[in-house]
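S.K.: Quick one: sequence and predicted model below, then my questions.
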Amino acid sequence: MKLEIFDPAMCCSTGVCGPSVDPELTRFASAVFSLQKKGFQIERYNLANDPGKFTENKKASDFLHEKGPDALPIVLMDGEVVMNSSYPSNTQLSEWFDIDKDELKEQPKSNSVTINISDLKK
């Protein structure tokens with residue numbers, strides 16, 4: 001199975017950049033990263049960075065001409081439009097790829113720091 005996401009124009013490939021990040025984009029980018037690490041074929045195309053991908057794909061091109069860029073994103077599964085105007089939920093992704101949805105949750109990073117108070121008094 002191949003999943004292709006045609007994103008609206010964003011400042012970077014995932015939209016997870018800049019001073020105020022949309023939590024939905026963070027969730028989706030994390031889920032896509034998790035799926036890609038498991039070997040699933042997922043491609044994302046940003047209208048600002050990859051306009052050629054939109055013109056090369058007839059479904060994406062037709063959608064963009066009919067609905068306009070405000071209706072993005074569109075999600076294609078094996079070449080067929082399965083969603084538009086929003087990103088798939090983790091539940092939908094887990095069903096499509098037949099995995100447990102907990103495997104798509106953003107894993108907290110363990111960045112522990114040990115400070116020895118006696119060293120600070122020197």
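M.R.: Yep, that arrived. Residues are numbered from 1 along each chain as shown.
S.K.: C-alpha only now, for contacts and for neighbours.
M.R.: Fine.
S.K.: Quick check: which element contains the residue most central in space within the chain?
M.R.: With the centre of the chain defined as its mean C-alpha position, the nearest residue by Cα atoms, centre = their mean is Ala29, 3.4 Å away. Secondary structure from DSSP states H and E places Ala29 in helix 23-37.
S.K.: Name the residues that touch the helix or strand just after that helix?
M.R.: Where DSSP H and E defines the elements, the next helix or strand beyond helix 23-37 is strand 41-46. With contact meaning Cα atoms under 8 Å, 6 or more residues apart in numbering, strand 41-46 is reached by 1-10, 12-14, 32, 35-36, 51, 53-54.
S.K.: at 7 Å what do you get?
M.R.: Residues from elsewhere that reach strand 41-46 (Cα atoms under 7 Å, 6 or more residues apart in numbering): 1-10, 13, 36, 53.
S.K.: Need those in a markdown table (columns: secondary structure).
M.R.: Compiled in a markdown table, the contacts of strand 41-46 are given as follows (DSSP: H, G, I helix; E, B strand; the rest coil):
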| residue | secondary structure |
| --- | --- |
| Met1 | coil |
| Lys2 | strand |
| Leu3 | strand |
| Glu4 | strand |
| Ile5 | strand |
| Phe6 | strand |
| Asp7 | strand |
| Pro8 | coil |
| Ala9 | coil |
| Met10 | coil |
| Ser13 | coil |
| Gln36 | helix |
| Lys53 | helix |
